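Q: I would like the atomic coordinates for the input below:
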Amino acid sequence: MPFDTYSALSRPLAASGPVRVPIVKRDRRGITRVWRFGVGYMELAVSEAADFGRIGPDALQPEFVARPAISVIGLGYVGAVSMACLSHLGFEMVGVDVDPTKVEAIQAGKSPIVERDLERLLGQGRRNHLISATTNLPAAVLTTEVTFISVGTPTAEDGSADLTYVRQAARAIGRAIAMKVGFHVVVLRCSVPPGTTLEVVAPEIEAASGKRLGEGFGLCFNPEFLREGVAVADFFEPPKTVVGANDPKSEAIVSEIYGAIDDNIIFTSIAAAEMVKYVDNVWHATKVTFANEIGRLCKSLGIDSHEVMNIFVRDTKLNLSPYYLKPGFAYGGSCLPKEVRAVAHLAAEREVEVPLIASLARSNREQVREAHRRIRALSPERVGFLGLTFKPGTDDIRESPTLELMAMLEADGIALEAYDPNLRPGPNLDSQIAYVRHAAPHLERLMARAGEFMTDDLEALVQSCDCLVVSHATDAFRKAVAGRPAGVHVLDLARLYDVPPEDAHYDGIAW
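A: Numbering: from 1, shown residues only. Purely as a prediction, here's the structure:
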């Protein structure tokens with residue numbers, strides 16, 4: 001709901017004491033409403049479906065909760081935007097930075113960075129006595145219930161993330177928490193390697209505070225997804241809100257903070273939340289790089305790259321969608337491999353460098369090698385493959401990565417067996433085998449023995465092999481895996497289950 005639609009009612013509140021927020025989930029007529037108290041006035045968010053004057057306040061049944069005060073460590077891009085936007089929602093904000101010029105700017109209601117609408121919100125927060133700034137970190141923590149860490153994580157000389165400022169902030173927060181009686185929530189918002197929150201921040205705070213995680217303080221990781229230039233708008237209309245929490249209490253407190261702007265918060269583990277931030281930015285960089293490589297190639301061919309990409313992005317079924325974006329096995333089939341090679345060759349002919357596109361085949365081969373390494377580590381004597389075609393629902397074995405994996409195992413001297421319900425003996429299969437033998441000479445030996453290792457008896461295969469490799473996520477293969485003899489290993493290349501089973505003999509290639 002846009003916050004400009006809030007209507008202020010002339011009912012003054014006490015200026016002192018903690019801000020109280022009455023929250024109404026539903027009235028007697030089933031209409032969802034939220035009340036919030038700002039500074040000096042009660043403000044009411046009215047849903048578009050009803051008229052408050054018609055329903056009346058007597059129909060509302062509020063539940064009162066206290067709104068936490070929040071300190072923000074680091075007044076750069078993320079910290080300053082968070083301060084301004086959260087103050088606009090009625091939160092008392094205390095900013096902290098080692099740079100006195102940033103502190104002075106905030107205190108003057110000025111923005112320390114160039115960002116649309118930021119200075120207006122900072123000035124508004126200062127006038128409403130909801131924003132203050134200081135260089136005294138312990139004092140800020142002592143006067144708040146939640147602390148956001150938004151310090152820099154620059155690149156170290158070896159390419160890793162430099163966590164110096166994160167460690168320093170965590171230690172200082174810990175020393176302040178040592179002087180507190182109540183529970184304090186620390187929220188890390190920097191881009192950091194997975195494991196940083198629990199393996200770096202938590203120990204630093206515990207050592208400095210003498211308190212245990214989950215008892216004296218809680219930890220969350222809450223990545224930001226703000227675009228510079230439109231960060232304020234992104235804050236109020238986020239693409240997603242992700243919260244990884246160490247304990248339910250911390251999760252509830254952080255959820256309450258963001259509840260006014262996002263009613264579909266994504267809750268996950270702290271490590272997954274940390275990784276999501278990296279994945280998002282690497283994906284964005286990948287898109288930019290891919291588009292630019294296409295642009296260079298189109299330019300060399302006299303084609304308008306924007307005309308091409310404007311058509312490309314209109315496809316939201318395959319091109320811009322979750323399709324093809326779930327980790328699994330390597331790509332294959334009659335189209336992708338040969339056309340990636342063709343585009344790379346075309347670029348080479350035109351002397352256009354396309355390192356991203358040129359690396360795709362190498363990365364694809366690496367996924368096959370990863371599967372090979374995992375199988376070899378099990379030291380199996382006989383490996384059974386459930387699925388041979390490059391994907392389920394087809395009888396096409398052209399450039400199937402499963403065949404590449406089988407050839408590698410055969411070269412190791414491991415016995416093989418394979419079952420695929422889509423492959424039936426006959427002219428079509430014979431012609432495909434002939435095609436593979438011609439197009440991929442390194443698979444000649446494997447394909448010459450296709451009649452030996454292929455079987456139409458799935459149950460017998462499961463009983464005879466000490467390792468099963470699943471290439472297709474089908475109900476028949478789920479049943480086969482569930483009914484396998486005890487001790488038989490499974491390497492899942494296709495994500496058979498939404499939630500992987502707790503099975504010591506089951507392994508997923510990327511989960």
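Q: who's in contact with M447?
A: 403, 433, 436-437 (CB atoms under 8 Å, 6 or more residues apart in numbering). Where C-beta positions appear, they are placed from N, C-alpha and C, glycine not excepted.
Q: Swap in 6 Å and give it another go.
A: Shown in contact with M447 (CB atoms under 6 Å, 6 or more residues apart in numbering): 433, 436-437.
Q: ok, now V81?
A: A231.
Q: Next one: it from G333, what distance?
A: V81 sits 45 Å away from G333, going by CB to CB, to the nearest Å.
Q: So which residues of the stretch 201-350 of the chain form strands?
A: Using DSSP state E, counting those that start in this stretch, the strands of the stretch 201-350 of the chain run over 217-221, 242-245, 266-268.
Q: Residues in contact with the last one: which ones?
A: The list of residues contacting strand 266-268 from outside it, by CB under 6 Å, 6+ apart, reads 240, 242-244.
Q: Kindly recompute the last result at 8 Å.
A: By CB under 8 Å, 6+ apart, the residues outside strand 266-268 that reach it are 240-245, 251, 255, 276.
Q: got it, and the first one?
A: When contacts are defined by CB under 8 Å, 6+ apart, strand 217-221 is touched by residues 177, 183-189, 197-198, 201-202, 205, 209, 211, 213, 243-247, 249-251, 253-254, 270, 273-274.
Q: Narrow those residues to those that are buried.
A: 177, 183-189, 197-198, 201-202, 205, 209, 211, 213, 243-247, 250-251, 253-254, 270, 273-274 (16 or more other CB atoms under 10 Å).
Q: Can you tell me, leaving aside adjacent residues, what's nearest to V481?
A: V490 (5.5 Å; CB to CB, 6 or more residues apart in numbering).
Q: doesn't L468 make contact with the one you found?
A: Yes: at 4.9 Å, V490 and L468 qualify as touching, with contact defined as CB atoms under 8 Å.
Q: Return every residue with contacts to both of those two.
A: 481, 484.
Q: picking that back up, pLDDT and distance to A69 added to the contacts of strand 266-268, as TSV?
A: Formatted as TSV, those follow (pLDDT from 0 to 100; distance: CB to CB, whole Å):
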residue	pLDDT	distance to A69
K240	97	26
T241	97	20
V242	98	23
V243	98	19
G244	98	23
A245	97	19
E251	96	19
S255	94	17
V276	97	28
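Q: and the longest helix for the protein?
A: Identified as the longest helix of the chain according to DSSP state H is helix 270-301.
Q: any idea of the angle that helix forms with strand 217-221?
A: Angle of helix 270-301 versus strand 217-221, following axes from the mean of the first three to the mean of the last three CA atoms, to 10 degrees, is 20 degrees.
Q: E274 reaches V242, doesn't it?
A: No: using CB under 8 Å as the test, E274 is too far from V242 to be in contact (9.7 Å).
Q: any shared contact partners between those two?
A: P223.
Q: Skipping adjacent residues, who's closest to S132 in space?
A: V94 (5.4 Å).
Q: Might one say that P112 is in contact with G79?
A: No: between P112 and G79 there is no contact under CB under 8 Å: 9.1 Å.
Q: out of these two, which sits in the more crowded spot?
A: Taking other CB atoms under 10 Å, P112 and G79 do not tie; G79 has more neighbours (27 against 23).
Q: distance between stretch 293-300 and the chain's centre?
A: Here stretch 293-300 is found 31 Å from its chain centre; the criterion is CA atoms, centre = their mean, to the nearest Å.
Q: could you give me the average pLDDT of that stretch?
A: On average, the pLDDT along stretch 293-300 is 97.
Q: in it, what's buried?
A: Residues 293-298 are the ones in stretch 293-300 that count as buried (16+ other CB under 10 Å).
Q: Can you list the strands that the strand or helix carrying the residue nearest to V481 pairs with?
A: Here V490 sits within strand 489-492, counting by DSSP states H and E. Counting by DSSP bridges, the strands paired with strand 489-492 are strand 467-470 (parallel), strand 506-508 (parallel).
Q: Determine which stretch of those strands is the most buried.
A: Most buried of the strands paired with strand 489-492 by mean neighbour count (mean count of other CB atoms under 10 Å) is strand 467-470; its value is a mean of 25.
Q: Now for E157, how many residues are close by?
A: By other CB under 10 Å, 6 other residues sit near E157.
Q: And for K479?
A: Around K479 there are 11 residues (other CB under 10 Å).
Q: Against L496, how distant is it?
A: Applying CB to CB to K479 and L496 gives a distance of 10 Å.
Q: Flag the shaky bits of the protein, pLDDT-wise.
A: 1-66 (pLDDT under 70).
Q: Determine which residue lies closest to the centroid of it.
A: Closest residue to the average C-alpha location of the chain: V276 at 2.5 Å, with CA atoms, centre = their mean.
Q: quick one, what contacts the closest residue to E417 other than its chain neighbours?
A: Closest residue to E417 apart from its sequence neighbours, by CB to CB, 6+ apart: G384 at 4.7 Å. G384 makes contacts with 416-419, 461-462, 464-465, 467-469, as judged by CB under 8 Å, 6+ apart.
Q: Please convert the residues you listed to TSV, extending it with distance to L130.
A: Output for these, formatted as TSV (distance: CB to CB, whole Å):
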residue	distance to L130
L416	68
E417	69
A418	67
Y419	66
L461	68
V462	65
S464	71
C465	66
C467	62
L468	60
V469	59
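Q: neighbour-wise, which of the residues you listed leads?
A: V469 (28 neighbours).
Q: Assess the claim that that one and L491 are in contact.
A: Yes: V469 is within contact range of L491, at 4.9 Å (criterion: CB under 8 Å).
Q: Need the residues touching each of the two.
A: 371, 375.
Q: what comes up buried for stretch 360-379?
A: Under 16+ other CB under 10 Å, the buried positions of stretch 360-379 are 360-361, 364, 367-368, 370-372, 374-375.
Q: Which members of the residues you listed occur in helices, if any?
A: 360-361, 364, 367-368, 370-372, 374-375.
Q: Next up, the contacts around the residue nearest to D507 when sequence neighbours are not counted.
A: Spatial nearest neighbour of D507, chain neighbours left out: L491 (5.4 Å); criterion: CB to CB, 6+ apart. Contact analysis of L491 by CB under 8 Å, 6+ apart lists 371, 374-375, 378, 467-470, 507-509.
Q: In this structure S111 contacts A80, no?
A: Yes: here S111 reaches A80: they are 6.6 Å apart, a contact under CB under 8 Å.
Q: If you count surrounding residues, which of those two has more?
A: Neighbour count, other CB under 10 Å: between S111 and A80, A80 has more, with 28 against 21.
Q: wait, is that one part of a helix?
A: Yes: assigned with DSSP: H, G, I helix; E, B strand; the rest coil, A80 falls within a helix.
Q: Noted, bye for now.
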